[in-house]
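>>> Following is a predicted model, sequence given first.
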Amino acid sequence: MGNIVLRNVHKAFGATTIIPKIDLDIADGEFVVFVGPSGCGKSTLLRLIAGLEDTTGGTILIDGRDVTAEAPAKRKLAMVFQSYALYPHMTVAKNIAFPLKMAGETPEAIDRKVKDAARVLNLTNYLERRPGQLSGGQRQRVAIGRAIVRQPSAFLFDEPLSNLDAALRGTMRLEISELHNQLKTTMVYVTHDQVEAMTMADKIVVLNAGNIEQVGSPLELYRSPRNLFVAGFIGSPRMNLLEGAPAARYGAKTVGIRPEHIGVSTTAGEWKATVSVAEHLGADTFLHVNADGVGALTVRAGGEVGLGHGATVYLTPDLSKLHKFGDDGKALQ
């Protein structure tokens with residue numbers, strides 16, 4: 001079981017509030033991602049759950065048990081950090097086995113659990129190597145293996161992929177998602193990368209200045225952002241947000257339209273625009289344009305669109321996908 005419940009949890013350092021009072025429910029077996037910009041409080045919130053930070057107030061329940069005042073070791077959670085924190089003089093097998101040895105398990109049980117974890121993580125052929133002989137992705141898998149053998153109620157990941165290059169991050173995203181599907185264990189994952197959040201999560205918690213802006217599935221946040229912050233944060237490239245005359249025309253303070261919801265033509269459309277930069281990425285082309293009477297926009301077009309700097313295009317927004325926001329920044333129904 002790995003049900004985690006937060007009630008009125010808050011954290012302050014002196015007179016500075018980092019996490020205002022928040023409530024959150026994480027169901028057993030969910031993959032939940034905390035996402036937000038640097039300094040939004042996502043890592044602090046994870047550390048409160050782990051017990052690495054004391055709460056200023058509120059209650060944390062794990063499987064119905066109040067753990068607010070309990071030490072981290074008693075919460076039955078396993079944390080994987082941004083730094084691998086491996087012992088360089090130990091083999092992979094000994095690194096994975098270390099928490100079991102500290103818990104006093106028998107050599108037979110340790111050997112079995114280490115081999116099981118290694119098989120799940122494709123590390124069987126590397127058990128006798130040392131961390132210095134492994135790639136970054138392999139070292140991260142060893143760190144995850146060390147967490148797996150503890151058979152925790154939930155895994156807590158604190159930006160585990162930020163030290164890896166872009167290609168390896170993509171591979172590790174898939175591996176962690178597949179691991180979750182195999183283990184069916186609750187995972188709480190912190191990242192500033194909304195692409196990681198969108199591709200991995202069952203449920204995303206969007207944080208801003210310690211506040212929970214919105215909780216929902218990736219598609220819920222993409223289709224129905226609750227406010228301007230979520231609208232601008234979720235989605236890559238980010239949503240186009242327009243004020244002034246273009247917004248007033250649709251009865252809103254601000255309107256938003258995603259790059260993929262704007263049609264592109266070289267002959268006719270609602271907005272005439274000039275291409276300033278074209279990013280050709282293979283499957284997609286992202287056009288950064290200046291539209292007459294509208295301003296700067298990013299538009300997603302086909303990968304083989306032969307447009308470049310200075311080209312004239314005509315744009316037509318899909319009005320069924322238009323997002324409207326009021327003076328308070330909240331979505332209008």
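Nice, I can see it.

>>> Could you give me the buried positions within stretch 22-34?
Within stretch 22-34, the residues that count as buried by 16 or more other CB atoms under 10 Å are 22, 24, 26, 29-34. Using the backbone N, CA and C atoms, a C-beta is placed for each residue, glycine as well.

>>> any residues touching it, and which ones?
Contacts to stretch 22-34, defined as CB atoms under 8 Å, 6 or more residues apart in numbering, come from residues 1-10, 42, 45-46, 63, 154, 177, 180, 184-191, 196-197, 200-205, 207, 210-212, 215.

>>> Among those residues, which are located in strands?
4-10, 154, 186-191, 203-205, 207, 211-212, 215 (DSSP state E).

>>> Of the residues you listed, keep whichever come out buried.
Buried among these (16+ other CB under 10 Å): 4-6, 9-10, 154, 186-191, 203-205, 207, 212, 215.

>>> Go ahead and flag the most central residue of this protein.
Nearest to the geometric centre of the chain sits residue 197, at 2.8 Å (CA atoms, centre = their mean).

>>> residues touching that residue, list them.
Taking CB under 8 Å, 6+ apart as the criterion, residue 197 is in contact with 33, 35, 191, 204, 218, 234.

>>> do residue 42 as well
Contacts of residue 42 by CB under 8 Å, 6+ apart are 34-36, 190-192, 207.

>>> How about residue 223?
No contacts exist for residue 223 under CB under 8 Å, 6+ apart.

>>> the strands in the stretch 1-150 of the chain, which residues?
4-13, 16-26, 31-35, 57-62, 65-66, 77-80 (DSSP state E, counting those that start in this stretch).

>>> got JSON lines for those strands, with mean pLDDT too?
Formatted as JSON lines, the strands of the stretch 1-150 of the chain follow (pLDDT from 0 to 100):
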{"stretch": "strand 4-13", "mean pLDDT": "96"}
{"stretch": "strand 16-26", "mean pLDDT": "95"}
{"stretch": "strand 31-35", "mean pLDDT": "97"}
{"stretch": "strand 57-62", "mean pLDDT": "97"}
{"stretch": "strand 65-66", "mean pLDDT": "95"}
{"stretch": "strand 77-80", "mean pLDDT": "91"}
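
>>> got the ones you listed as CSV, with distance to residue 326 columns?
CSV is the format used below for these (distance: least, CB to CB, whole Å):
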stretch, distance to residue 326
strand 4-13, 28
strand 16-26, 23
strand 31-35, 24
strand 57-62, 31
strand 65-66, 40
strand 77-80, 41
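
>>> mind checking which of these is nearest residue 300?
strand 31-35 (21.7 Å; CB to CB).

>>> For stretch 159-171, buried residues please.
For stretch 159-171, a neighbour-count test (16+ other CB under 10 Å) marks 159-161, 164, 168-169 as buried.

>>> just those residues now: which is nearest residue 305?
Using CB to CB, the buried residues of stretch 159-171 come closest to residue 305 at residue 169, 27.8 Å.

>>> For the residue nearest to that closest one when sequence neighbours are not counted, give me its contacts.
Excluding its sequence neighbours, the residue lying closest to residue 169 (CB to CB, 6 or more residues apart in numbering) is residue 161, at 4.6 Å. Residues in contact with residue 161, defined by CB under 8 Å, 6+ apart, are 140, 168-169, 172-173, 191, 193, 196.

>>> Please report phi then psi for residue 161.
For residue 161, the backbone dihedrals are phi -110, psi 0 (criterion: degrees, to the nearest 10).

>>> Give me the pLDDT for it.
Residue 161 carries a pLDDT value of 86.
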